[in-house]
Every structure is written in C-alpha cells, then in structure tokens.
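Novice: Fold the following.
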Amino acid sequence: MAADSPAEPSSPRPQPRYGEYATPEEVAEARGPLPVEPTDPVSRLAAPIVHPPSPRVAKTGGRPSAALRSAPPPRGAPLGARRPRQGNNLITVLLLVFGIWNTVTSIPSYLEFGSVLSQGVALAGYGVVTFGAIAHTAGIVLLVLSLLLLIAAVGVSLQLIRTGRRSIWVPVTAGALFLLASLVVMTVVVANTPALADVLHNR
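Specialist: Residues are numbered from 1 along each chain as shown. Predicted coordinates for the structure are as follows:
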C-alpha cells in the first residue's frame, strides 16, 4: 500500500557559502578593525585624500591600457612657441611702410627716368648726356617690378605675422631683389647709351 511505501529521500541541502549564515558580529570580526577617522579639524585637513580609481584603470588592474600606452604624443608646437614675436612684427611693419613710401614717391621719377638720369649725370660733373627710349623703358620696368615686389612682400609678411612666425626676412629679401634688378637695368641702360659710355670711359 501507499502508506507502507518508504518515503523518498529529500534533495540534499546546499552547502552554505562563506558568510551566508554568519552573524553581523562574525562578519565584522572577519573584516577586521575599521580605520579610525580623525575627529579634530587639524587632523582631518592633514589626512590624505584617497580617490577611487577610474573605471579604465580599475579594469586593467591599476595599469594604463595598451591604447593609452601606444597613443602618439600631441602634435603642434607648444603655446609659448606660437606667440607672435613683437620685435619682429614691429620691424617688419616699419620696413613695409618704408617700402610703400619709397615706391609711391618714386613713381614720377620712374615715369621720367631719362630726365632723372640726365640730371644725375650733370650733377656728378659728367656733362650733359641725353638718354634715349631705353631709359624710359627701364623706368617702366623698375616701376612695375617695385610694385610687384611690394605687393608680394606685404602679403607674405602679413601671413607670417598672423601665424606667429618670423617675417622680417620678407621685406629685406624684397629690397635686395629690387637693388639687384636696378643694377641689371642700369647696366643695360649704360650699355645702350654710347654718349654715357664714352664719358665714363674717358673719366
């Protein structure tokens, strides 16, 4: 009969895990004594502040991840190197202003270059020398060249000043190029003016 059949054994009781059935006193004893916080204000200020580790560092066990270790250094010059050079900017602007003033005031001389050369030769004591059409052409060439160099020098200098780089070399280079071009043009004018060539040869 069902009453006489032996009862089936119940399922075994699971083994308790660590601390599952422990009392609060036993848990406190297992954790050990808690750190005592200072009570006076001076000790609280002197106590070190412990910050919790960031999640990224906590996941890697306190070591920076491989992505952080292999990250390239930041590009670009430091902020101090990008500051504009005040002295360089001031000298550059003064040279550009002088170039603009010199070019503007020299326009009438370039347009009458033959007459200006004749007056210069007479004042130097070489007598009266008449320059032909080559002198007028040379004046136009020098005027156009001076305007082009001036525009290029102003544009490049302002760009360098805006980016905080050295710009004083731009007007100096433009002036040197113009002097070299003037020497070449005057050599051509003298070579194509026989009267002036004879006067210079005799003197």
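Novice: what's the distance between residue 112 and residue 185?
Specialist: To residue 185, residue 112 is 15 Å away according to Cβ to Cβ, to the nearest Å. Where C-beta positions appear, they are placed from N, C-alpha and C, glycine not excepted.
Novice: Which one's more surrounded, those two?
Specialist: Remark: of residue 112 and residue 185, residue 185 carries more neighbours, 19 against 15, as counted by other Cβ atoms under 10 Å.
Novice: so what's that one up against?
Specialist: Residues in contact with residue 185, defined by Cβ atoms under 8 Å, 6 or more residues apart in numbering, are 138, 141, 142.
Novice: Mind telling me what element the second one is part of?
Specialist: The one in question is residue 141. Here residue 141 is covered by helix 133-162, with elements defined by DSSP states H and E.
Novice: next structured bit after that helix?
Specialist: Going down the chain from helix 133-162, the next helix or strand is helix 169-191, by DSSP H and E.
Novice: And the next helix or strand past that next one?
Specialist: Counting by DSSP H and E, the next helix or strand C-terminal to helix 169-191 is helix 194-202.
Novice: I'd like to know which elements the helix holding residue 141 is packed against.
Specialist: The criterion is 3 or more Cβ pairs under 8 Å, 6 or more residues apart in numbering; DSSP states H and E, and the helices and strands that helix 133-162 contacts are helix 86-111, helix 113-123, helix 169-191.
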